[in-house]
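Enquirer: return atomic coordinates for the entry below.
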Amino acid sequence: MKNFVVKTIANAGALAVAVWLIDNITLTGDSTGKQVATLLLVALIFGLVNVVVKPLVKLLSLPLLILTLGLFTLVVNALMLLLTSWLADKVDLSFHVEGFWTAVLGGLIISIVSWALNVVLPDGD
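Expert: I've put the predicted structure just below:
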């Protein structure tokens with residue numbers, strides 16, 4: 001359970017950095033508290049998408065991953081971010097990613113920041 005909380009916080013921090021750095025990734029809210037709550041809920045959705053959908057997409061795109069020496073992972077990460085944005089819209093959360101190339105850049109930033117936060121934050125195992 002502690003590991004789940006740490007990973008969710010890391011995802012929320014990585015999403016916050018992407019929102020802060022990229023203009024076309026937006027998170028709106030009336031107050032800071034509402035924005036933090038939205039960010040945590042989006043991080044939960046993002047984690048769920050990465051656990052459920054991403055392995056299937058990576059398996060189906062395995063030939064492209066091998067052919068591009070893993071660079072196709074950037075496209076997979078972008079698609080997961082776009083799916084998260086779509087799901088957030090469906091549950092009425094104010095998080096939006098505008099366009100594929102924004103999602104590619106956002107996915108790259110989220111991957112780097114999430115990795116760094118997971119190194120710094122304590123592991124629950």
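Enquirer: tell me where this protein has helices.
Expert: All helices of the chain, identified by DSSP state H, fall at 2-21, 32-52, 54-60, 62-67, 72-90, 100-120.
Enquirer: and those helices as JSON lines, adding mean neighbour count and mean pLDDT?
Expert: C-betas here are computed from N, CA, C, even on glycine. As requested, these are exported to JSON lines (neighbours: other Cβ atoms under 10 Å; pLDDT from 0 to 100):
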{"stretch": "helix 2-21", "mean neighbour count": "18", "mean pLDDT": "90"}
{"stretch": "helix 32-52", "mean neighbour count": "16", "mean pLDDT": "93"}
{"stretch": "helix 54-60", "mean neighbour count": "12", "mean pLDDT": "94"}
{"stretch": "helix 62-67", "mean neighbour count": "12", "mean pLDDT": "94"}
{"stretch": "helix 72-90", "mean neighbour count": "19", "mean pLDDT": "95"}
{"stretch": "helix 100-120", "mean neighbour count": "17", "mean pLDDT": "92"}
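Enquirer: relative to residue 96, how far out is residue 42?
Expert: In this structure, residue 42 and residue 96 are 10 Å apart, going by Cβ to Cβ, to the nearest Å.
Enquirer: if I pick residue 77, what's in contact with it?
Expert: Residue 77 is in contact with 104, 107, 108, 110, 111, counting by Cβ atoms under 8 Å, 6 or more residues apart in numbering.
Enquirer: nearest to residue 48 among these?
Expert: residue 110 (14.9 Å; Cβ to Cβ).
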